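In: below are the sequence and a predicted model; questions follow.
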Amino acid sequence: MSRECYWYVTMIRLSEVFDSQLKAYFVQNRKQHTTQKFRTLMKQFAKNLEQSISNRGKYLFELEFLYRKLLNTMATTDASAKIADKKPITDYIYEMYKSSLRSGQICIYLKYASMLVCIHDNDRAVTLLKDIESMITSDMVQISMLPEKKCVKPVIDRAQSLAPHEIAKILAAKIIMNVEFTTLEMNCAPSHLMYEMYKILTEDDDRVRCNKISKEIAVIDAKPFLYYLQYLAHEETEGKYSSKIKLFNYIESLDIRPVGLFDTAYNLKGHIFELENEASKTWQAYVTSATLVPRNNAAYWHMCRLFSQYVADKSPYERTK
């Protein structure tokens, strides 16, 4: 195995460890317990991590990483419950969010920003999203892009000069994790993303799905989600237009190939057209998404939804003829 290939494989494995632990915990435990019990389990998990971190032993960085991500999940889960009950977000939840931001992870910042958008705290959301955008540098790579070796060469080149115990730190700093929402967090995600939780439509889809697709979890690449949140958060036309163009340019930069979570990004494009009442462009966006990624794609739900709305709108007219 060449040295470059070795570092590439190491990067894949470490990033999967960072990205999969909490997802696996949710999948394994969510259906076995009530929502309240699951929250209790997460809090116990957090206490166990705190104890391990306080011992200052091996894998301190990795433990801190998981702890901050868990805090973010707990904050988003609790905030989602508050939104469902039409209650304000408590100071305790805000403190968990702020503590989780110490990880420096783009995906964690974006979940906080998404919650702000969902409670219509748009001024704070716009400011936070601007800060997040400034955190993303040209040498960062989205985790779903790792199979594209040409995208990760700068990260590999830098990692090769580091000691083994520093590798995890550089990978965490340069790999942008996906943004994920479980069903317990769904009220902190734009409602359009709910369909991503149910993109596995048939048993055949389930058999061929890749690891990045999970049941009852909405997963999206960080960059298109950032631009989409900016579009939702901005109230003035100029801000919306700028955000829309950034998302559209991002999609075009993929050379119209299904790289990363391409279908989800294209579905966000469709939703923007939908919000702007561009019916023809909306339909074309969802059709293109389904054409490029024919399996495990929420675009089918959106097309069914649009067709249902069209029939419903036509029915009163037809009855009066």
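Out: All right, it came through fine.
In: isn't residue 169 up against residue 59?
Out: No - with contact defined as C-beta atoms under 8 Å, residue 169 does not reach residue 59; the gap is 11.8 Å. From N, CA and C alone the C-beta is placed, and that goes for glycine too.
In: distance of the residue lying closest to residue 193 once chain neighbours are set aside relative to residue 307?
Out: Leaving aside its sequence neighbours, residue 193 sits nearest to residue 218 (C-beta to C-beta, 6 or more residues apart in numbering; 4.6 Å). As judged by C-beta to C-beta, to the nearest Å, residue 218 and residue 307 stand 23 Å apart.
In: those two - which one has more neighbours?
Out: Taking neighbours as other C-beta atoms under 10 Å, residue 218 and residue 307 compare with residue 218 leading, 25 against 11.
In: that one: what secondary structure?
Out: Following DSSP: H, G, I helix; E, B strand; the rest coil, we place residue 218 in the strand state.
In: what's residue 121 sitting at in phi/psi?
Out: Dihedral pair for residue 121: phi -90, psi 70, per degrees, to the nearest 10.
In: mind checking pLDDT for it?
Out: Residue 121 carries a pLDDT value of 98.
In: can you name the residues bridging to the most centrally placed residue in the chain?
Out: Note on the chain: the residue nearest the mean C-alpha position is residue 179, at 2.0 Å, using C-alpha atoms, centre = their mean. Counting by DSSP bridges, residue 179 forms beta bridges with residue 220.
In: show me the contacts for it.
Out: Residue 179 makes contact with 107, 110, 111, 114, 219, 220, 221, 222, 225 under the criterion C-beta atoms under 8 Å, 6 or more residues apart in numbering.
In: again, but for residue 262
Out: Neighbour list for residue 262: 251, 254, 289, 292, 293 [criterion: C-beta under 8 Å, 6+ apart].
In: what's the neighbour count on the fourth one?
Out: For residue 292, the neighbour count with other C-beta under 10 Å is 16.
In: how about the strands of this protein, start to end?
Out: 141-142, 175-176, 179-182, 217-220 (DSSP state E).
In: ok, now how distant is residue 190 from residue 262?
Out: Distance, residue 190 to residue 262, using C-beta to C-beta: 19 Å.
In: name the nearest residue to residue 274, sequence neighbours excluded.
Out: Counting by C-beta to C-beta, 6+ apart, residue 282 is the residue found nearest to residue 274 once chain neighbours are left out, at 4.5 Å.
In: report the buried residues of stretch 266-276.
Out: By neighbour count on 16 or more other C-beta atoms under 10 Å, the buried set for stretch 266-276 is 266, 267, 268, 269, 270, 271, 272, 273, 274.
In: JSON lines please, covering these and showing distance to residue 46.
Out: JSON lines is the format used below for these (distance: C-beta to C-beta, whole Å):
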{"residue": "266", "distance to residue 46": "36"}
{"residue": "267", "distance to residue 46": "33"}
{"residue": "268", "distance to residue 46": "32"}
{"residue": "269", "distance to residue 46": "37"}
{"residue": "270", "distance to residue 46": "38"}
{"residue": "271", "distance to residue 46": "34"}
{"residue": "272", "distance to residue 46": "37"}
{"residue": "273", "distance to residue 46": "41"}
{"residue": "274", "distance to residue 46": "39"}
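In: how about those in TSV, adding distance to residue 85 and pLDDT?
Out: Putting those into TSV (distance: C-beta to C-beta, whole Å; pLDDT from 0 to 100) gives the following:
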residue	distance to residue 85	pLDDT
266	34	93
267	29	95
268	28	96
269	33	96
270	31	96
271	27	96
272	30	97
273	33	96
274	29	95
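In: wait, which of those residues is closest to residue 241?
Out: Residue 241 lies nearest to residue 272 out of those, by C-beta to C-beta, at 10.5 Å.
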